[in-house]
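Engineer: using only what follows, build the 3D model:
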Amino acid sequence: MPSRSGQMFVAAAALILTGCGEEKPAEYVSQSGFQPFIHKREGRITYQMLDVISENGPIVRYVTKQEVPPGGLAGGMVNYASRRGDCHRLVYQTIGEGDTVTKMERDRPEDRWVELVNGSSATAALVTACQVAKKLK
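Structural biologist: Next comes the predicted model:
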């Protein structure tokens with residue numbers, strides 16, 4: 001029979017190997033080769049622009065990722081959102097949203113347009129997407 005320290009080593013190794021076998025959720029990859037960047041920081045929360053796609057006229061489609069690091073209130077939270085925005089009227093509609101890319105792509109909320117709230121992360125995202133889209137045209 002192995003010693004107590006030998007038993008603990010085997011148990012620790014088993015835990016580590018079990019954790020290594022878990023699949024990590026897929027990250028969003030832009031089909032156009034868009035290079036993601038952080039567009040806003042708010043305390044511990046980081047907002048990333050993952051993709052910007054110009055559509056007809058003032059319409060832009062964009063994908064964002066909101067991330068709160070582990071620890072504290074809402075720690076370890078991740079949220080992906082795919083939205084369509086109107087750069088002239090400053091309104092947007094959510095195409096999909098979820099805590100993984102797969103859930104975001106499967107989500108199909110209402111097709112309603114939402115007005116922006118001044119100073120919100122949604123406002124920062126749309127304004128940034130519109131600026132990027134203007135450079136892409």
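Engineer: quick one: average pLDDT of stretch 96-109?
Structural biologist: Averaged over stretch 96-109, pLDDT sits at 91.
Engineer: endpoints of that stretch, how far apart?
Structural biologist: 7 Å (Cα to Cα, to the nearest Å).
Engineer: show me the contact partners of that stretch.
Structural biologist: 25-28, 63, 77-82, 94-95 (Cβ atoms under 8 Å, 6 or more residues apart in numbering). All C-beta atoms are positioned from the backbone trio N, CA, C, and that covers glycine.
Engineer: mind doing that once more with 10 Å?
Structural biologist: 24-29, 50, 63-66, 77-83, 93-95 (Cβ atoms under 10 Å, 6 or more residues apart in numbering).
Engineer: filter those down to the buried ones.
Structural biologist: 28, 50, 63-66, 79-83, 94-95 (16 or more other Cβ atoms under 10 Å).
Engineer: report the secondary structure state of N118.
Structural biologist: Under DSSP: H, G, I helix; E, B strand; the rest coil, N118 falls in the coil class.
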